[in-house]
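**Q** here you go, sequence then predicted model.
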Amino acid sequence: HTHTKYMYNPVTQEENAIVHLFALEHRYYGKSYPEFPDNSSPVSNENLQYLSSRQAIHDVATFIQYANGHYILNDGNPTKWVTFGGSYPGMVSAWSRYKFPNLVHAAVSNSSPVQAQLDFPEYNNHVAKDLGYDVVGGSAECLDIVSRGHEEIGELLSAEGEEKEGGYEKVAELFHVCNGAEPFYKDVKNKNMFLGDGVIYIPAQGNDPSCGSDGSLCNIANLCDAIIEEYSQSGSAMESLAAIAKRQSYRDCTEVDWHGTLQYLSSDAARRDGVRSWIWQTCNEFGFYQTCEHDSSCPYGKGYHAIEQDLEICEVAFGVPPEEVKANVEKSLQYYGGWDMDGSRIMFANGDVDPWAELSITGGKGSEDLPTVWVKGASHHFWTHALKDTDGEAIEDARLVIHGQVMEWLVEEDEKSGSEVDKNTNTQVFDDVEPLAESYVTE
């Protein structure tokens with residue numbers, strides 16, 4: 001399991017260390033979808049009510065108690081559990097320790113946005129920073145071309161009168177839009193989805209310095225080199241983006257269909273790769289909607305991705321109205337604490353390239369009980385990936401710091417008792433939702 005691979009071997013080599021490694025799969029992801037007596041889809045709106053991070057941390061607590069009695073040799077010494085995770089699993093790791101300190105001895109939470117937030121413009125603001133970040137191959141020129149290219153497209157898509165037809169047609173032709181300019185005439189929301197999330201893919205979250213020896217645009221350095229090269233030939237920021245979009249695409253044309261997107265997200269087909277499960281959780285717990293507003297530094301079409309777009313998905317695909325989405329985010333903050341979490345023995349590690357670091361516990365938000373690690377040049381929990389010869393010094397140092405902190409915590413005594421919630425690990429998550437019967441759970 002890549003999220004713990006870097007820790008497993010060093011810990012087992014410690015003198016007298018006995019290490020048990022368990023990888024838990026979250027309900028409603030991978031192969032762990034529940035089965036229902038009426039054979040209904042597990043991702044129907046009704047059945048998704050059993051999916052939540054609160055249920056997940058209770059599942060972790062239940063598993064720990066089960067494993068202590070079935071898998072682990074009881075020699076009279078209490079087993080010390082340390083949870084690890086990256087991204088959302090990193091959130092679950094931190095919260096498992098926070099809510100069940102009598103069961104979880106310590107936690108490592110990598111690249112975890114523990115601060116639930118409805119509107120998340122900071123994500124795309126950070127993407128802009130990455131495009132200009134020389135440590136990973138970005139530059140001011142690269143950022144300028146990307147930003148100006150989107151501005152030029154926006155001007156054509158907002159044209160009126162006689163210029164409207166020519167503008168729509170030019171954009172549709174350059175970016176090989178399916179059905180030509182028709183989607184832009186059909187619905188303004190098609191223009192928003194086309195431009196508001198960018199006409200090219202920018203690998204900020206997944207930036208991998210070791211990839212791209214074949215010329216693929218899989219990291220910021222390769223992408224920016226290609227963008228600047230295209231611009232040197234065409235002299236047009238918009239045409240440069242069109243050339244990059246063509247290189248990145250694996251389809252004959254670019255689908256621009258907001259209504260079709262809503263239909264897909266409302267269907268069982270969106271079960272693939274956990275898409276429907278995750279968006280359900282954003283509507284019911286976290287928000288995290290990556291907008292691109294006029295007053296931001298977002299490098300895409302400013303003003304073309306407003307929060308209303310995401311709230312429409314919640315209402316149409318999941319039946320969760322906007323006010324309820326907002327209330328759900330506030331409930332999550334109240335339950336977990338966000339940046340004000342008052343837990344202990346939880347380490348938060350983040351990379352400075354990762355946009356999700358904006359909502360994690362970093363720097364001044366940490367404390368002696370909640371230490372932080374800041375990894376220069378690293379993307380989304382990159383140090384948790386399998387070791388590579390190309391890993392930089394910052395990545396290697398982060399692994400050593402995390403390992404050292406965990407070993408230090410392992411010699412500390414466990415809490416003797418937990419909070420009230422800790423003593424009720426088998427209770428339902430919400431008062432108005434019956435717990436999922438054990439017989440419904442896929443083994």
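**A** Yep, it's here.
**Q** now do the phi/psi pair for the closest residue to Gly132 other than its chain neighbours.
**A** With sequence-adjacent residues excluded and distances taken as Cβ to Cβ, 6 or more residues apart in numbering, Gly132 is closest to Leu143, at 4.1 Å. The C-beta positions use only the backbone N, C-alpha and C, and glycine is treated the same way. Here is the backbone geometry of Leu143 (degrees, to the nearest 10): phi -60, psi -40.
**Q** okay, the helix or strand harbouring Ile244 in PDB with CA atoms only?
**A** Element membership for Ile244 (DSSP states H and E) is helix 237-248. C-alpha atoms of helix 237-248 as PDB (Å, rounded to 0.1, in the frame of the first residue of the first chain):
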ATOM      1  CA  ALA A 237      -1.700  32.700 -26.400                       C
ATOM      2  CA  MET A 238      -5.100  31.200 -27.300                       C
ATOM      3  CA  GLU A 239      -3.700  29.200 -30.200                       C
ATOM      4  CA  SER A 240      -0.900  27.900 -27.900                       C
ATOM      5  CA  LEU A 241      -3.500  26.600 -25.500                       C
ATOM      6  CA  ALA A 242      -5.400  25.000 -28.400                       C
ATOM      7  CA  ALA A 243      -2.300  23.200 -29.500                       C
ATOM      8  CA  ILE A 244      -1.700  22.000 -25.900                       C
ATOM      9  CA  ALA A 245      -5.300  20.900 -25.600                       C
ATOM     10  CA  LYS A 246      -5.000  18.800 -28.700                       C
ATOM     11  CA  ARG A 247      -1.800  17.100 -27.400                       C
ATOM     12  CA  GLN A 248      -3.600  16.300 -24.200                       C
END
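**Q** and it, what other elements does it pack with?
**A** helix 140-157, helix 162-174, helix 220-234 (3 or more Cβ pairs under 8 Å, 6 or more residues apart in numbering; DSSP states H and E).
**Q** on that earlier part again, return the distance of the residue nearest to Gly132 relative to Ala245.
**A** Separation of Leu143 from Ala245 (Cβ to Cβ, to the nearest Å): 17 Å.
**Q** which of these two has more neighbours?
**A** Taking other Cβ atoms under 10 Å, Leu143 and Ala245 do not tie; Leu143 has more neighbours (21 against 18).
**Q** check contacts around the more buried one.
**A** Residues in contact with Leu143 (Cβ atoms under 8 Å, 6 or more residues apart in numbering) are Ala128, Leu131, Gly132, Pro299.
**Q** follow-up on the earlier one: after the helix holding Ile244, next one along is what?
**A** Taking DSSP H and E, what comes next after helix 237-248 is helix 258-265.
**Q** give me the helices and strands touching that next one, please.
**A** Short answer (3+ Cβ pairs under 8 Å, 6+ apart): helix 258-265 packs on helix 188-196, helix 275-281, helix 307-318.
**Q** select, out of those helices, the one closest to Ala221.
**A** helix 188-196 (25.3 Å; Cβ to Cβ).
**Q** which residues in the stretch 1-150 of the chain form helices?
**A** 2-12, 53-70, 88-99, 122-131, 140-157 (DSSP state H, counting those that start in this stretch).
**Q** among the ones you listed, which comes closest to His385?
**A** Nearest to His385 among the helices of the stretch 1-150 of the chain is helix 2-12; the distance by Cβ to Cβ comes to 5.5 Å.
**Q** flag the shaky bits of the stretch 51-200 of the chain, pLDDT-wise.
**A** Across the stretch 51-200 of the chain, the ranges flagged by pLDDT under 70 are 73-76.
**Q** what number of residues lie near the nearest residue in space to Thr79 that is not next to it in sequence?
**A** Among residues not flanking Thr79 along the chain, Ile72 sits closest, at 5.3 Å (Cβ to Cβ, 6+ apart). If you count neighbours by other Cβ under 10 Å, Ile72 ends up with 14.
**Q** need the residues that contact stretch 273-290.
**A** By Cβ under 8 Å, 6+ apart, stretch 273-290 touches 28-30, 43, 48, 51-53, 88, 113, 116-121, 123-124, 197, 265, 268, 270-271, 305, 307, 309-311, 313-314, 317-318, 320, 325, 328-329, 331-332, 355, 359.
**Q** would a markdown table of the helices of the stretch 1-150 of the chain with distance to Pro34 be doable?
**A** Formatted as a markdown table, the helices of the stretch 1-150 of the chain follow (distance: least, Cβ to Cβ, whole Å):
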| stretch | distance to Pro34 |
| --- | --- |
| helix 2-12 | 24 |
| helix 53-70 | 11 |
| helix 88-99 | 18 |
| helix 122-131 | 31 |
| helix 140-157 | 42 |
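**Q** which of the ones you listed sits most buried?
**A** Looking across those with neighbours counted as mean count of other Cβ atoms under 10 Å, the highest average goes to helix 88-99: a mean of 25.
**Q** do you know how far the residue nearest the centre of the chain is from Gln115?
**A** For the chain, the residue sitting closest to the mean C-alpha position, by Cα atoms, centre = their mean, is Ser87 at 5.6 Å. Taking Cβ to Cβ as the measure, Ser87 and Gln115 are separated by 14 Å.
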